[in-house]
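# Okay, predicted coordinates and the sequence, questions at the end:
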Amino acid sequence: MADIKKIATRDSFGNGLVELGNERDDFIVLDADLAAATKTGIFKKAFPERHYDCGIAEQNMVSIAAGIAATGKRVVCSTFAMFAAGRAYEQVRNSIGYPHLPVIIGATHAGISVGEDGATHQCCEDLALMRTIPGMTVINPADDTEAKAALRAAFDHDGPVYIRFGRLAVPVIFDEDYKFEIGKGVELRDGSDVTVIATGLMVAEALEAYELLKAEGISARIINMPTIKPIDKDIIVKAAKETGAIVTAEEHTVIGGLYGAVSEVVVAEAPAIVVPVAVNDVYGHSGPAPVLLDEFGLRAKDIVAAAKAAIAKK
Amino acid sequence: MMKIDEKLALQKTATKVRMGVIEGVFNAKSGHPGGSLSSADILTYLYFKQMNIDPENPKAANRDRLVLSKGHAAPVLYSVLANRGYFDVEMLKTLRHVDSILQGHPDMKKIPGVDMSSGSLGQGISAAVGMALSAKHFGDDYKVYTILGDGEIEEGQVWEAAMFASHKKLNNLTVIVDNNNLQIDGSIDEVNSPYPIDEKFKAFGFEVAVINGNDLDEIDAAMQKVGTYEKPYAIIANTVKGKGVSFMENQVGWHGSAPNEEQYKAAMAELESALAAL
C-alpha cells in the first residue's frame, strides 16, 4: 500500500484548469489573493493574461463572476470554501444562483483537513449552504481523477456549479477510464448487509472500511457520491431497499450535507436506518490534518463502527 | 448642448416614464416610487439617447449594458423599457402581480431588456464591473452603465468594486450615483453619511462629474464624456427624491410606499399637466 499515489484535489483543480485552458480560450479565472493556495496559480503561470486577481474581496469577486457570465462568457472563481460559500453566500445566491448563471465556483481548503490554520478556515458548512440554493449543482470530488473530470463536466453544464476541493493529499482511486457524470453516484463495491455512501476524501476511507468489514464477515456496499446536489435518488433508494441500513461519510458537519441529502431521500422513498460519519456540530482546531481526521472520527474505523451500529438497528 | 426639440422630446418621455412609475406602483399597491422618480431623467436619457441598444434584439451580443444596482427602482427601469418598446406599456399595471414578469426587483431571466438581476444592494456594481472586464478581455467595445443609490454606497462591496474597476482601468464603465439624499431611515447624512461622495470616488481612482441629475442638459454634458477617459467614470447625480410629483418630493415616506386612489389621481393629474405644458 506504500506506493499509493496521493494528490490534493486543489492541485487537480489547478492542473485541470490548465488542461482546459489548452483546449479553449473562452473563459476567465478569478481569484482573491489566494492563487498560490487554491492552485489557480498554476493556471496563472500558464495563462497570465486569462487570470484576474480580485484581491482580498471575495464578495466583489463572486458578483464580478456573475457579471462576466451575464455577458455570455465562461468564468471560474476561486477562494477558500469558507469565503466562497460562507462570506459570499448571499452573492452566490442572488448574483449567480437566482439568474442561474453558469459560473464555476472552485472552493478549496474545505473541511477540517485544512489542518494547522484552525477553525476559522475549516469550512464544514459549505455543502449545506450551497445545497439550499435552487438550481445550484454541488460536487465534492474524491480524488485527482474525479476532481478533474468534475471540473470538465462543470464547463459543459448550463448553470452554476460549486466544486469543493481539499488541501490534503488524498489517494488516487480512479484510473483514467473513470466516467464522471453530474448527479450520478457510483457503486464501487457490492454488498448486502449495509451500504456506505461516501463523498470526498471519505471515499478512500470507505474503501478501507470495506476490507475491515469483510474481514469481520460483514458485506458492505460502497457508493461514491460526488454530486451532493442533485443527489442520485435511484442509487440511494436501491441501497436502502436492498441493504436496509446506510452509513453516510463526509468531511462536513452532520447537519445538512451528505447525511441530510441521503436522509431526505430515504425517509420519503424507502425508510431505512441512516447513521452518519461526519463532523459532529463542532468547530475544528489547529493540528496536522491526519491527526484531526482521527480526532474528529473521520476514519475507516469510524465507518466500521457506524456500519455495525446501523446493522444493529435494522 | 442638445437641440431644443431633442431635449423637449426627452422631457416628454421622462414625464411619461414617471407616469408609468406611478401607474405601476399604484396597481402593485407597493414598491418604491421615490428613488424611481429621482432617477427617471437619467434612465430616460440613457435608454433614449445614450445607449447602443435595440429593443427588437434585447440580447444582442455587442449591446451596451445597464445594471440597476439600486434594484428597488425597478418601476422606473420597467417604465423606461416599456416606453422604449421592449414590452407593452400596459404591462406596467401588472407590476409585482403574482402572474406578472415584472418582479419587485429586476429579473434578467423574465424581463426583456434587463441585463442583470439585481436588488440586493452593492452587488449590481460588481456585476457591472464583471461585464466591463469581460468586454475588455474578449475585445468587445460595448459600454457598461450602472446606477447606484446614495444609501447603497454604504455597502462595503461598492468600494471593493470601485477599487477593482480603477485598478483594471475599466474606462468602459460608467457609475452613476443617484444622490437624492434620502434612505429608508432618514437622510443619508444622518443615517451613516457617505459624503463627500465625489471625493471618495476620486480617491478610488475615478474621473468624477457632479451634476444636477434632474437636468437633461447637465446629464447630456456629463454623458458626452463617456469613453473619453483612461479611468472609470463616476457621475454623482444630485437629484430630488420623488421628483415630478410635488407631494412626494423630498419626502422619505415615499421611499417604499404606494399612493392610494386619491394620491394616484393627484399624481397623474400633475404629470399630465406637466406633459401638456411641455
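Ah, there it is. Numbering: from 1, shown residues only, chains lettered A, B, ... in the order given.

# Low-confidence ranges, chain A, go.
A:1-2 (pLDDT under 70).

# actually the stretch 151-278 of chain B, sorry about that
Checking the stretch 151-278 of chain B against pLDDT under 70 turns up nothing.

# Spell out the residue ranges of the helices in it.
For the stretch 151-278 of chain B, the helices defined by DSSP state H, counting those that start in this stretch occupy B:156-167, B:188-191, B:197-203, B:216-223, B:261-277.

# which stretch among these comes nearest chain A?
helix B:156-167 (3.6 Å; Cβ to the nearest Cβ). The way it works is simple: take the backbone N, C-alpha and C, and place the C-beta from them, glycine included.

# And what about residue A:7, helix, strand or coil?
The local conformation at residue A:7, judged by DSSP: H, G, I helix; E, B strand; the rest coil, is strand.

# can you map out the strands along the stretch 1-150 of chain A?
Counting by DSSP state E, counting those that start in this stretch, the stretch 1-150 of chain A has strands at residues A:6-8, A:27-31, A:51-53, A:74-80, A:103-108, A:137-139.

# hang on, the earlier thing: can you list the helices of the stretch 151-278 of chain B in a markdown table and add distance to chain A?
Output for these, formatted as a markdown table (distance: least, Cβ to the nearest Cβ, whole Å):
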| stretch | distance to chain A |
| --- | --- |
| helix B:156-167 | 4 |
| helix B:188-191 | 21 |
| helix B:197-203 | 16 |
| helix B:216-223 | 22 |
| helix B:261-277 | 31 |
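
# Quick check: which of these is buried the most?
helix B:156-167 (a mean of 23; mean count of other Cβ atoms under 10 Å in any protein chain shown).

# for that helix, packing partners?
Applying 3 or more Cβ pairs under 8 Å, 6 or more residues apart in numbering or on different chains; DSSP states H and E, one finds that helix B:156-167 contacts helix A:58-70, helix B:123-138, strand B:173-179.

# Would you enumerate the residues in contact with the residue nearest the centre of chain A?
Nearest residue to the geometric centre of chain A (Cα atoms, centre = their mean): residue A:140, 1.6 Å. By Cβ atoms under 8 Å, 6 or more residues apart in numbering or on different chains, the residues touching residue A:140 are A:110, A:127, A:163, A:164, A:199, A:200, A:226, A:227, A:228, A:250, A:258.

# cool, and residue A:298?
The contact partners of residue A:298, by Cβ under 8 Å, 6+ apart, come to A:112, A:202, A:205, A:249, A:251, A:277, A:278, A:279.

# what's across from residue A:76 in the sheet?
Beta-bridge pairing for residue A:76 (DSSP bridges): residue A:29, residue A:104.

# The closest residue to residue B:156 other than its chain neighbours: neighbour count?
Nearest non-adjacent residue to residue B:156, counting by Cβ to Cβ, 6 or more residues apart in numbering or on different chains: residue B:122, 7.2 Å away. Residue B:122 is flanked by 24 other residues according to other Cβ atoms under 10 Å in any protein chain shown.

# and the closest residue to chain A within chain B, how many residues sit next to it?
Closest contact between chain B and chain A, by Cβ to the nearest Cβ, is at residue B:130 (2.3 Å). Residues lying near residue B:130 (other Cβ under 10 Å) number 38.

# residues contacting the closest residue to it other than its chain neighbours?
Excluding the flanking residues, the one nearest residue B:130 by Cβ to Cβ, 6+ apart is residue A:67, at 2.3 Å. With contacts defined as Cβ under 8 Å, 6+ apart, residue A:67 is in contact with A:95, B:67, B:116, B:126, B:127, B:128, B:129, B:130, B:131, B:132, B:133, B:134.

# What of residue A:44?
The neighbours of residue A:44, taking Cβ under 8 Å, 6+ apart as the test, are A:29, A:31, A:35, A:51, A:53.

# Spell out which parts of the stretch 1-150 of chain B neighbour chain A.
B:61, B:65, B:67, B:107-109, B:115-117, B:119-120, B:122-124, B:126-135, B:137-138, B:140 (Cβ under 8 Å from any Cβ of the partner chain).

# sorry, back to before: relative to chain B, which of the contacts of residue A:44 is nearest.
Once Cβ to the nearest Cβ is applied, the member of the contacts of residue A:44 that ends up nearest chain B is residue A:53, at 9.5 Å.

# From residue B:83, how far off is the closest one?
42 Å (Cβ to Cβ, to the nearest Å).

# and if you look at residue B:166?
Note on residue B:166: its distance to residue B:83, by Cβ to Cβ, is 34 Å.

# Next: residue A:231.
47 Å.

# repeat for residue A:277
According to Cβ to Cβ, residue A:277 and residue B:83 sit 60 Å apart.

# Those two: who's more crowded?
More neighbours surround residue A:277 than the other of residue A:277 and residue B:83, with 30 against 19 (other Cβ under 10 Å).

# so residue A:246 touches residue A:262, yeah?
Yes: using Cβ atoms under 8 Å, residue A:246 is in contact with residue A:262, at 6.5 Å.

# shared neighbours of these two, anything?
Common neighbours of residue A:246 and residue A:262, counting by Cβ under 8 Å, 6+ apart, are A:197, A:236, A:274.

# Is it correct that the second one is in contact with residue A:197?
Yep, that's residue A:236 we're talking about. Yes: with contact defined as Cβ under 8 Å, residue A:236 reaches residue A:197; the gap is 7.0 Å.

# which residues do those two both contact?
Both residue A:236 and residue A:197 are in contact with A:185, A:246, A:262, where contact means Cβ under 8 Å, 6+ apart.
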